[in-house]
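>>> build me a model from this:
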Amino acid sequence: MSKEHYYAIIKSPAITEKSTLIANTNTHVFNVALRATKPQIKAAIEGLFSVKVKAVNTLVRKGKLRVFKGRKALLSDHKKAYVTLADGERLDVTTGL
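Numbers count the residues shown, from 1 in each chain. Here you go, the predicted model:
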């Protein structure tokens with residue numbers, strides 16, 4: 001697959017307090033496309049970063065209803081992927097691609 005296809009699957013790394021804490025256990029968090037599957041996410045991470053992926057866990061956070069100045073709006077859904085790397089592999093997502 002091409003790098004453009006990988007970038008369509010992996011939107012961005014999720015840089016939060018929780019994701020930086022679990023980075024010590026060789027697990028990294030990425031925001032991914034809603035229709036991305038686990039094998040596609042694994043192939044994209046291995047293709048972009050040249051690392052070996054051990055496991056991929058995903059979750060979908062449903063959009064919330066918000067009220068702003070009397071108007072109701074439904075925020076969109078988000079999908080996250082928790083990617084566990086194989087032993088001995090390292091990944092630094094803060095330096096960019």
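>>> quick check: buried residues in whichever strand or helix holds Glu4?
Glu4 belongs to helix 3-9 when elements are defined using DSSP states H and E. By neighbour count on 16 or more other C-beta atoms under 10 Å, the buried set for helix 3-9 is 6, 8-9. In short, each C-beta sits where N, CA and C put it, glycine included.
>>> now render these as TSV, adding pLDDT.
Rendered in TSV, the data for the buried residues of helix 3-9 read as follows (pLDDT from 0 to 100):
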residue	pLDDT
Tyr6	93
Ala8	95
Ile9	96
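>>> now these in JSON lines, with distance to Leu48?
Shown next, in JSON lines, are the buried residues of helix 3-9 (distance: C-beta to C-beta, whole Å):
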{"residue": "Tyr6", "distance to Leu48": "5"}
{"residue": "Ala8", "distance to Leu48": "12"}
{"residue": "Ile9", "distance to Leu48": "9"}
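>>> out of those, who's nearest Ala73?
For Ala73, the nearest member of the buried residues of helix 3-9 is Ala8. The distance, counting by C-beta to C-beta, is 26.0 Å.
>>> measure that closest one to Leu75 for me?
When C-beta to C-beta, to the nearest Å is the yardstick, Ala8 and Leu75 sit 22 Å from each other.
>>> and for Ile22?
The spacing between Ile22 and Leu75, counted by C-beta to C-beta, is 25 Å.
>>> these two: which is more packed in?
In this comparison of Ile22 against Leu75, neighbours counted by other C-beta atoms under 10 Å, the higher total goes to Ile22 at 15 against 11.
>>> that one: which element?
Secondary structure assignment for Ile22, by DSSP H and E: helix 17-22.
>>> name the residues of the helix or strand that comes right after that helix that are buried.
Remark: after helix 17-22, the chain's next helix or strand is strand 27-32, criterion DSSP H and E. Residues 27-30, 32 are the ones in strand 27-32 that count as buried (16+ other C-beta under 10 Å).
>>> I appreciate the help and will end here.
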